[in-house]
Structure formats: C-alpha cells, structure tokens
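Asks: I'll drop the sequence and a predicted model, then ask my questions.
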Amino acid sequence: MISIDPLEAAPKTYLSVHDVLDEPAADALLTDREREVRATARAVVAESVAPRAEHADRTHGFVAESVRALADAQLMGLVFPPALGGTGDTNVAYAVAMEEITAGCAATSLVFMTQMHTAFPIMLAGGDALARRYVPGLLDGSRWGSLGITEPNAGSDVASMRTVATESAGGFRLSGSKTFITTGDRADVIVCFAVTDRSRGRKGISAFVVEGDWDGVRRGTPFDKMGMHGSSTAELFFDDVAVPAGNLLGGAGEGWSVVMRSVVKSRISAAAQGVGLARAAYARTLYALTRRHGARLPDEQTFALATLRGRILQGRLLLLAVARRADEDSEVAPGQIGMMKQSCTDLGWETAVECTRLLGPLGDLESVGVERCLRDAKVTQIYDGTNEVQRLLIGRETSRSVEAFS
Ligand SMILES: Cc1cc2nc3c(=O)[nH]c(=O)nc-3n(C[C@H](O)[C@H](O)[C@H](O)COP(=O)(O)OP(=O)(O)OC[C@H]3O[C@@H](n4cnc5c(N)ncnc54)[C@H](O)[C@@H]3O)c2cc1C
C-alpha cells in the first residue's frame, strides 16, 4: 500500500539526491583537478541539464541547450589540447564528468559524448589542418557531430560494410548509407567510414570527414526510441558525394585503425553512462523510499540498497581504473576495455531493474524518474560494441590463459 502522495516521491532538486554516492574509496583516486572538474560538471548539471531532462524525455526534444551549457563551462573539450579549444584533462576527468552528466540527463550525455567521439578521430588522424577546421566547432557546441559506422547490415560485423568511396580527381566519391547514427538528423560534421578496397577486409576501410550540407548528403528523420529521447538517432545517406582528398583521415585503409585507437574513449563514455544511470536510479529510489517510510527503511530494502551501493562503487572503481590506464598507456588491452564497458553498462541496467522492483508502483511513475533510467540504460548495453561482442573480446584473452594452462 502507498502511504505517500506519489508526487512527493520525486526529488525536487538535483543536488538533494545526487551527492549521496560520493564514496571516499573512489574519491581517493581522483586528483584535485579531477575533483574540480566533477564539481563544475555537477554544478552545470544541477543548474542547466537536470532541470530540462524530464521535459526532453516527454517531448523527445533535442537537448541542444543542455549540451551548449556544458560547452560554455569548458567541459566538452576535456581530453583535447587548449590549441583546439580543449582543457587538456585526463580520461579520468572525462569519465567523472560523463557520470555526472548522465546522472542528470542520460540523453544529454549521449549527445555530449558524440561530439567527442566525432572530434577525437579528427584530432587523432586528421593532421593539423583538419583538426583546426573541425574540432573547435564541435567542442564549443556551434557544430553538431556524428560518427557514422553502422549500416543496416554492418554494425558488429563491420567487414560487411557497403558504403564505398572510390578515388576520383582531387579526392573520393562517397556512396552508401548509415543507420542508427546519433545526432544524424542534424549533423554538421560527420566522420564517415567507407570501403576503399574490398579485397583487404578491415584494412580496406577508410575514414572521411564529410560536411552535412554538402551536395549528395541527406540526413534522415529521427527514429522513435525506447529511451534517450532527448537525443536523436537517424539514418544518413550519401549519394555520390565529392569528398576532397584532404578530408581522408590518416591514409586510405586506416579507418579501422582509427576506430581501434578511439575505442577506449568511446567505451569509457558508455561505461560512465552505466555508472551514472545506476547512481541516478539508486539516488531517486533512496529518496522515494525515505519519503515513504521515513528515516527507518524496512530491512529488506536496506539490504537491497546496500548491495546496490557496493556494486555501484565497484563499477566506478573499474571505470576509473581503466580510464587511468588509458591516461598512462594508450594501449589498453581490448579485454580490459571490454570488461569495463560490459560490467558498467550491465550495472546501469540491472540497478534500474532492481530499483524498479524495490519501488513497487512508484517505480512505474515518470515523475520518480527510475523508469527513465531503465529505458535509457538499455541502449548503453547495445552501442559502442554490444555487450555480447565485449564478452567475445574478453573471452579471447581468457582463451589465451586456458591455452597457457593446458
Ligand atoms: C540509440 C543508438 C545510438 C547509436 N549511435 C550510433 C552512432 O552514433 N554511430 C554508429 O555508427 N552506430 C550507432 N549505433 C549503432 C550501434 O552501435 C549498433 O547497433 C551496435 O553496434 C550493434 O550492431 P548491429 O546493429 O550490427 O547489431 P547486430 O550485431 O546485428 O546485433 C544483434 C544481436 O546480435 C548479437 N551479436 C552480433 N554479433 C555477435 C557475435 N559475433 N557473437 C555474439 N552475439 C553477436 C548482438 O550482441 C545483438 O544482441 C547506435 C545504436 C543505437 C540503438
């Protein structure tokens, strides 16, 4: 039986619930600067991101203002050098900021990370001229970015990619389509992957920077999705698009290597979303249960919350440990990255499911916000390499141990 007004179960302010999981064991791993970044992110989220989240979810309105508020606070360029408009911070700083943003509005975190996922390969492989032309606008929020890998029949199985780029006078002609592309409906700058030499498999894939308003580029209508309503996901179509040779990232055939060198960043993003969603679900559940039961919660709920709290701390420690490895050594093993991505995104989903159980009917209320965490968490297990694919990567490393034992 419900003994409180259901509307009372919804937290009125972001900060009243979102500092409950600052755990000393995780805080001890942060530098002063990383704590400063977290404090900045939390303040911007409380002021400009979280208050817009429920409305964006209900209306499917794109979270442009929330993302620009983060850019204005110099948060979008955390892992980029000052020369490109960034702040030269660590992957750990990026991870803690992403956790904060996700806890306030997961859809905002998806658009935010996609700006970085678009800018990072350009910085990595585009050389000085391309980086200066495209990266600053992505980091200050004046241009929207998209990363185009997935096609109707090629996501996990990237070797089946059909989009092609053929050499022509002065550059390439690009034809094909992409699907499920974040911010694809409005992308100004697209990092698009295409086959330049089919005989070479993954080594025949190249990456290009394409502008959304070039002749032959068409941006699709956003899909209606289960979660992340404040972000857009759409198809992209390329009809014999002329791409200058200078917009090739790295050399021909280096596209997959660009993906692989960027993957630790994108998987830190997804993992931080998992931890952020778990924290949001926990904090909202704790708030609602306290409103319902007062200061003394039933033992069953106290025990369940204790288990969740421990798991969230474990997830955060794993996230920070792998992000720190990436700061110290850019060659983090795929299995390590995979364990972080799979464990943390499963954490987000499983915590939201468990919180929904604990809340009973309150878990079903939009105003409480846990059902949104649940809907938003699902896709984090799917993109940036599905969690089944992560298990394959982890399994490959396990197989090497098995071989060594046999
Ligand atoms: C909201 C959203 C945003 C996205 N944003 C982007 C974006 O910005 N850019 C972009 O390029 N893509 C994006 N994607 C696409 C996403 O990355 C892919 O859908 C994802 O990688 C899965 O690839 P797929 O579509 O080929 O699915 P499939 O690989 O066909 O997956 C279907 C099922 O098969 C499983 N599976 C596939 N291969 C194996 C295997 N070898 N072993 C075991 N199981 C396997 C998968 O785990 C999954 O359960 C987005 C998707 C969504 C839903």
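Replies: Right, received. Where do you want to start?

Asks: Tell me where the stretch 51-200 of the chain has helices.
Replies: Assigned by DSSP state H, counting those that start in this stretch, the helices in the stretch 51-200 of the chain fall at 64-72, 91-104, 106-125, 127-139.

Asks: At the contact with the ligand, which residues of this protein appear?
Replies: 114, 147-150, 155-156, 180-182, 225, 228, 233, 379, 382-383, 386, 388-389, 392 (Cβ under 6 Å from any ligand atom). Glycine gets a C-beta too; all of them are placed from N, C-alpha and C.

Asks: that older thread, okay, the helices of the stretch 51-200 of the chain, which one's buried deepest?
Replies: Mean neighbours per residue, mean count of other Cβ atoms under 10 Å, is largest over those for helix 91-104, with a mean of 28.

Asks: Against which helices or strands is that one packed?
Replies: Helices and strands touching helix 91-104, as assessed by 3 or more Cβ pairs under 8 Å, 6 or more residues apart in numbering; DSSP states H and E, comprise helix 32-44, helix 106-125, helix 255-293, helix 299-328.

Asks: wait, which of those is closest to residue 373?
Replies: The closest of those to residue 373 is helix 255-293. By Cβ to Cβ, the value is 4.1 Å.

Asks: Output the helices and strands packed on helix 91-104 as JSON lines; include the columns mean pLDDT.
Replies: Formatted as JSON lines, the helices and strands packed on helix 91-104 follow (pLDDT from 0 to 100):
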{"stretch": "helix 32-44", "mean pLDDT": "97"}
{"stretch": "helix 106-125", "mean pLDDT": "98"}
{"stretch": "helix 255-293", "mean pLDDT": "94"}
{"stretch": "helix 299-328", "mean pLDDT": "97"}
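
Asks: thinking again about what came up before, mind putting the helices of the stretch 51-200 of the chain into TSV with distance to residue 355?
Replies: Output for the helices of the stretch 51-200 of the chain, formatted as TSV (distance: least, Cβ to Cβ, whole Å):
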stretch	distance to residue 355
helix 64-72	24
helix 91-104	13
helix 106-125	15
helix 127-139	34
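
Asks: got the contact list for stretch 138-146?
Replies: With contact meaning Cβ atoms under 8 Å, 6 or more residues apart in numbering, stretch 138-146 is reached by 67-68, 70-72, 76-77, 80, 84-86, 114-119, 122, 134, 137, 181-184, 186-191, 212, 236.

Asks: one more time with 6 Å, if that's ok
Replies: Applying Cβ atoms under 6 Å, 6 or more residues apart in numbering, the external contacts of stretch 138-146 come out as 67-68, 71, 76-77, 85, 115, 118-119, 137, 181, 183-184, 186-190.

Asks: Just give the number of residues close to residue 56.
Replies: 22 (other Cβ atoms under 10 Å).

Asks: close enough to count as contact, it and residue 63?
Replies: Yes: the pair residue 56 and residue 63 passes the contact test of Cβ atoms under 6 Å, sitting 5.2 Å apart.

Asks: coming back round to it: so which of the helices and strands packed on helix 91-104 is nearest residue 24?
Replies: Of all the helices and strands packed on helix 91-104, helix 299-328 comes closest under Cβ to Cβ, at 9.8 Å.

Asks: which of the residues in that closest one are buried?
Replies: Residues of helix 299-328 classed as buried by neighbour count (16 or more other Cβ atoms under 10 Å): 301, 304-305, 308-309, 311-316, 318-320, 322-327.

Asks: re earlier: buried ones among the residues of the chain next to the ligand?
Replies: For the residues of the chain next to the ligand, burial is judged from neighbour counts taken by 16+ other Cβ under 10 Å, and it is met by 114, 147-150, 155, 180-182, 225, 228, 233, 379, 382-383, 386, 389.

Asks: Which ones among the residues you listed map onto strands?
Replies: Of these, the ones assigned to strands by DSSP state E are 147-148, 180-182, 233.

Asks: follow-up on the earlier one: quick one: closest of the helices of the stretch 51-200 of the chain to residue 160.
Replies: Here helix 106-125 is closest among these (Cβ to Cβ), at 21.0 Å.
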